[in-house]
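kindly generate the corresponding structure for this input.
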Amino acid sequence: MNSTKSNNKHTNLNPKTTKRKTTQMKTLKILAAGLLLLATASLTQAQTVIRIVASNGDRTATQTAISKLLAPGWVFRGINGNTSSSGALNIATGANFGAWKGTYAGQSVVIKVSFSGALAGVAAVAGNTDQRFVATDGTGTGAVPNPLTATDPADYEVAKADFGFSTNFQTTSPFLGEFEGVTYSPIIEEIVGVSPLGFYASPGFPGDNITTQLAQLLYTTGSLPVALFTGNFASDVNKVVYAIGRNTDAGQRFGAYTEIGLGTSTPVRVWQPAITGQTTSSGVTYGGTANSHVLWPAETVSGIFSGLGSGGYNSGANLAPILTVTLGPDAYRGKFVEDEEVDYLYPAATAGYYIGYLTPGDANTRVVGGVVPEANRGKALKYNGVELTDDNVRNGKYTAWLYNRILKPLSGLTGLKLTFADALRDQIKNVDAIAGGGLFDDSTFKVQRFTDGGLVVPKD
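All right, here's what the predicted structure looks like:
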């Protein structure tokens, strides 16, 4: 009996011990459940970063569409400063670089945008190459540095683009197959709208039209007598017009040059003015005097080399102010120094002007309207005698225009990023393509083309 009792003491559990262990087990289960809940919540609220590289011509429509896809409460911070869903959208639509922070489909997202050029968009998506984006996540105050020109690594982020936008076909660019040691793959291109392209002259230009032939001649020689545009050799033979243009990242550059028959590789001659006395109002710069100008210096942009005179401005917003300036005597006479002696291209010149190309989105607000005073406003030119109007573009009478298109890799874009890209595509195509002067590619658009600058033909 004693032996049995002794065994029972060792084999039976103490009620107090049992209760304590049960309590500990429950505590561990509660802790485990709490940790699982926290982990699940963390995953649910994980922040997705979406990076977009696009053309300047896609900026207004894309930024407008992003603001509508994000839930109320979004914030944006870019090179023009910061704003929010209760603030001014034009801070975002006018910024070539920046970051959005908000909620999409119930998930936290940061959307970094780099409107660095149409060909930059093609190269980024087709080559999966490193790109520079702003370092900010969209929060904070004040402007952020331009990531393309920043020298402090803290002022930019190096990453791959998830998708992009371009106003050029991939076949217009060199970024298909092998180029400069990088292999560029075919990409998905889906049309989201149409961007008209206009030719504009600086204030006081006496002509009102530019033809394909005059445009070819102007951009291959760099300057022409105004009399060729007006036919008035009695009064305009000693007035000179000079060409200005965009760099090799710009869709508008290749749209303009293919439209006038120069293609993508013909050398051009455009000028870089030195300007004083400009005014800036509401973020728009205008006026001033071009005291001199030189052929645009040789440069390499996105791996494409442009010789002397063949480069240009890196955005329409930077080109537009040149079409509001007045040319001083040294500029319109074409002063240059050779062998330490001063000479002039046009020593008898009495006046001068610039001609350049822009989308209406930039031209209407920065050249021929907006805050620009009448005295500083440039002049919209007809092209081959046809005025740039929406109807003339839609019915094929006016042929200087480009497609806006979203660019996606053939594979690799999945999940929330793919969902957002498709939603952004549809938002622009169906609602916001007209932001910034664009047009819908819908049933009202009666024509089509299959290459940049190609024949404009009726839709099937």
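
any low-confidence regions in the stretch 351-460 of the chain?
Counting by pLDDT under 70, the stretch 351-460 of the chain contains no low-confidence range.

which parts of it are helices?
Counting by DSSP state H, counting those that start in this stretch, residue ranges of the helices within the stretch 351-460 of the chain are 360-366, 390-394, 415-427.

per-residue pLDDT, the most centrally placed residue in the chain?
Per Cα atoms, centre = their mean, the C-alpha nearest to the average position across the chain is that of Asn56, at 2.4 Å. Note on Asn56: pLDDT of 86.

got the phi and psi for the closest residue to Asn146 other than its chain neighbours?
Leaving aside its sequence neighbours, Asn146 sits nearest to Ile79 (Cβ to Cβ, 6 or more residues apart in numbering; 5.5 Å). Bear in mind the C-beta positions are built from the backbone N, C-alpha and C, glycine included. Per-residue torsions, Ile79: phi -70, psi -10 (degrees, to the nearest 10).

could you measure from Ile79 over to Thr248?
Between Ile79 and Thr248 the distance is 22 Å, computed by Cβ to Cβ, to the nearest Å.

wait, doesn't the residue nearest to the centre of the chain sit right on Asn247?
No - counting by Cβ atoms under 8 Å, Asn247 is not a contact partner of Asn56; they are 10.8 Å apart.

what about the residue nearest to the centre of the chain? Give its phi and psi, please.
Phi and psi for Asn56, reported as degrees, to the nearest 10, are phi -60, psi -40.

still on that earlier bit, more neighbours: which of Ile79 and Thr248?
The neighbour comparison of Ile79 against Thr248 (other Cβ atoms under 10 Å) goes to Thr248, with 25 against 16.

low-confidence stretches in this structure?
With pLDDT under 70 as the threshold, the chain has low-confidence stretches at 1-45.

what do you get if the cut-off is 80, keeping everything else the same?
Per-residue confidence of the chain (counting by pLDDT under 80) places the weak regions at 1-46, 302, 338-339.

how close does the spatially closest residue to Ala317 that is not a sequence neighbour get to Arg59?
Leaving aside its chain neighbours, Ala317 sits nearest to Asp362 (6.0 Å; criterion: Cβ to Cβ, 6+ apart). With distances defined as Cβ to Cβ, the gap from Asp362 to Arg59 amounts to 10 Å.

what's the answer for Arg51, then?
According to Cβ to Cβ, Arg51 and Arg59 sit 15 Å apart.

over to Ser116?
The separation that Ser116 has from Arg59, given Cβ to Cβ, amounts to 10 Å.

which one's more surrounded, these two?
Shown here are Ser116 and Arg59; by other Cβ under 10 Å, Ser116 has more neighbours (29 against 26).

the more buried one belongs to a helix?
No - assignment of Ser116 by DSSP: H, G, I helix; E, B strand; the rest coil gives coil, placing it outside any helix.

which residues touch it?
Applying Cβ atoms under 8 Å, 6 or more residues apart in numbering to Ser116 gives the contacts 53-54, 96-97, 131, 148, 249, 314.

farthest pair within those residues?
Gln131 and Asn314 (15.0 Å; Cβ to Cβ).

which one's more surrounded, those two?
Gln131 (26 against 23).

give the bridge partners for the closest residue in space to Ala331 that isn't next to it in sequence, please.
Counting by Cβ to Cβ, 6+ apart, Ala331 lies nearest to Ala290, which is 4.4 Å off, once chain neighbours are set aside. On the basis of DSSP bridges, Ala290 takes part in beta bridges with Ile275, Leu327.

tally of neighbours for Ala290?
For Ala290, the count of nearby residues is 23 (other Cβ under 10 Å).

my guess is it meets Leu323, correct?
No - here Ala290 does not reach Leu323: they are 10.9 Å apart, not a contact under Cβ under 8 Å.

now do the shared contacts for the two.
Shared contacts of Ala290 and Leu323, defined by Cβ under 8 Å, 6+ apart, comprise Tyr354.

re the thing from before, check contacts around the residue nearest to the centre of the chain.
Taking Cβ under 8 Å, 6+ apart as the criterion, Asn56 is in contact with 96, 115, 117-118, 250-252, 315-317.

any idea how far it lies from Gly140?
From Asn56 across to Gly140, the span is 25 Å (Cβ to Cβ).

Asn232 too?
56 Å.

again, but for Gly436
27 Å.

the two: which has the busier surroundings?
When Gly436 and Gly140 are compared for neighbours, Gly436 comes out ahead with 25 against 12, by other Cβ under 10 Å.

tabulate the contacts of Ser116 (CSV), appending secondary structure.
Rendered in CSV, the data for the contacts of Ser116 read as follows (three-state DSSP):
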residue, secondary structure
Val53, strand
Ala54, coil
Asn96, coil
Phe97, strand
Gln131, strand
Leu148, coil
Asp249, coil
Asn314, coil
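
who wins for neighbours among the residues you listed?
For those, neighbours tallied by other Cβ under 10 Å; top is Ala54, 31 neighbours.

chain neighbours aside, what residue packs nearest to it?
Phe165 (3.6 Å).

can you pull the contacts of that neighbour?
With Cβ under 8 Å, 6+ apart, Phe165 has these contacts: 52, 54-55, 58, 62, 121, 192, 404-407.

where do the strands sit along the stretch 1-150 of the chain?
Using DSSP state E, counting those that start in this stretch, the strands of the stretch 1-150 of the chain run over 48-53, 75-78, 81-84, 97-104, 107-114, 130-134.

of these, flag the one that's most buried.
strand 75-78 (a mean of 26; mean count of other Cβ atoms under 10 Å).

what packs against that one?
Contact analysis of strand 75-78 by 3 or more Cβ pairs under 8 Å, 6 or more residues apart in numbering; DSSP states H and E lists strand 81-84, helix 90-93, strand 97-104 as its packing neighbours.

list the buried residues in stretch 139-149.
144-148 (16 or more other Cβ atoms under 10 Å).

so how far is that stretch off the chain centroid?
Per Cα atoms, centre = their mean, to the nearest Å, the displacement of stretch 139-149 from the mean C-alpha position of its chain is 16 Å.

now do stretch 302-316
Stretch 302-316 has its average C-alpha position 16 Å from the chain's average C-alpha position, going by Cα atoms, centre = their mean.

CA atoms only: put it into CSV for me.
Output of stretch 302-316 as CSV, limited to C-alpha atoms (Å, rounded to 0.1, in the frame of the first residue of the first chain):
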residue,chain,number,x,y,z
SER,A,302,20.2,58.3,-73.4
GLY,A,303,23.2,57.0,-75.3
ILE,A,304,22.3,58.9,-78.5
PHE,A,305,24.9,61.4,-79.7
SER,A,306,23.9,64.7,-81.2
GLY,A,307,26.6,66.7,-83.0
LEU,A,308,27.0,70.5,-82.9
GLY,A,309,23.5,72.0,-83.5
SER,A,310,21.6,68.8,-83.3
GLY,A,311,20.6,68.8,-79.7
GLY,A,312,17.9,70.9,-77.9
TYR,A,313,15.8,71.5,-74.9
ASN,A,314,15.0,68.7,-72.5
SER,A,315,11.3,69.6,-72.1
GLY,A,316,8.6,71.6,-73.8
